[in-house]
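Undergrad: My questions concern the predicted model and sequence given below.
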Amino acid sequence: MQPSGPVLRGSGGKPTSPSLLANPLDFISEDHVRERQICAVIDGLATADALDRQAATTVLRFLNEELNVHLRDEAEDLFPLLARRCTVEDAIEGAIDRIRADQDEAMRLLPDVRAILAGCLDTGADLTAKERAALSGFAGHVRRHLVAENAILLPIARARLTRADLRTLSKHMRSRRGLPDVPETTDAE
């Protein structure tokens, strides 16, 4: 049996590999690459002369199948773990509040974005100027929270979360995806 090599970062062109769940912060980081790639696809849809059906379908699948799970990973596990482990000097609560505000706004826009894409796919119509603006606005909110997460939260998480925290995070992320938990090791923390 060959030993497995390191998991390489992807292009964001397909869902994040479940093999990264052993390192949940790496998985979240890779999910952020995926979100950025989807934002680029959304921008392409918003500026194209005609609807790219394949791109619209890719975005809709991401929004329906991946985004909510990723946001739950952060809201239900990562943010609370950070709040427990961080020091006052980390000022994590303010950063989390700003990120949640951008996520909340993106989620408020999400039903319209889904409806726009589904409607265009159903009818074959091109996007209106108003629909293009809605897509661009959504992508902007997603990008804003990604910048803060990548620049602030993930580096602090790497410094503050314990191995036990990371195991718990990994376990919950696997469960959310319907994947079995990995057996615990007996190493000391």
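TA: Cool, got the structure.
Undergrad: for the biggest helix by length in the chain, packing partners?
TA: Longest helix in the chain by number of residues (criterion: DSSP state H): helix 92-123. On a contact count with 3 or more Cβ pairs under 8 Å, 6 or more residues apart in numbering; DSSP states H and E, helix 92-123 meets helix 53-65, helix 67-72, helix 79-85, helix 129-148. To be clear about C-beta, it is placed using only N, CA and C from the backbone, and glycine gets the same treatment.
Undergrad: make it 10 Å
TA: helix 24-47, helix 53-65, helix 67-72, helix 79-85, helix 129-148, helix 154-160 (3 or more Cβ pairs under 10 Å, 6 or more residues apart in numbering; DSSP states H and E).
Undergrad: Quickly compare these and say which is most buried.
TA: helix 24-47 (a mean of 20; mean count of other Cβ atoms under 10 Å).
Undergrad: can you tell me which residues contact the closest residue in space to Ser170 that isn't next to it in sequence?
TA: Nearest non-adjacent residue to Ser170, counting by Cβ to Cβ, 6 or more residues apart in numbering: Pro24, 4.5 Å away. In this structure, Pro24 makes contact with 73, 77-78, 81, 157, 161, 165-174, judged by Cβ atoms under 10 Å, 6 or more residues apart in numbering.
Undergrad: Need the max-distance pair from those residues.
TA: Spatially, the most separated pair among the contacts of Pro24 is Ala157 and Arg174, at 17.8 Å (Cβ to Cβ).
Undergrad: What is the nearest of the contacts of Pro24 to Glu65?
TA: In terms of Cβ to Cβ, no member of the contacts of Pro24 lies closer to Glu65 than Asp73, at 14.0 Å.
Undergrad: ok, the closest one to Glu66 distance?
TA: 11 Å (Cβ to Cβ, to the nearest Å).
Undergrad: overlap in contacts of these two?
TA: By Cβ under 10 Å, 6+ apart, the residues touching both Asp73 and Glu66 are 31, 177.
Undergrad: the more surrounded of those two?
TA: For Asp73 versus Glu66, the count of surrounding residues by other Cβ atoms under 10 Å is larger for Asp73: 20 against 17.
Undergrad: Help me confirm that that one comes into contact with Met173.
TA: Yes - with contact defined as Cβ atoms under 10 Å, Asp73 reaches Met173; the gap is 5.3 Å.
Undergrad: hey, what's in contact with both of those two?
TA: Listed as contacting both Asp73 and Met173 by Cβ under 10 Å, 6+ apart are 24, 27-28, 31.
Undergrad: quick one on the thing from earlier: to Asp102, which of the helices and strands packed on helix 92-123 lies closest?
TA: Short answer: helix 129-148, nearest of these by Cβ to Cβ, at 3.9 Å.
Undergrad: Distance from the chain centre to stretch 121-135, please.
TA: Relative to its chain's centre, stretch 121-135 lies at 24 Å (Cα atoms, centre = their mean, to the nearest Å).
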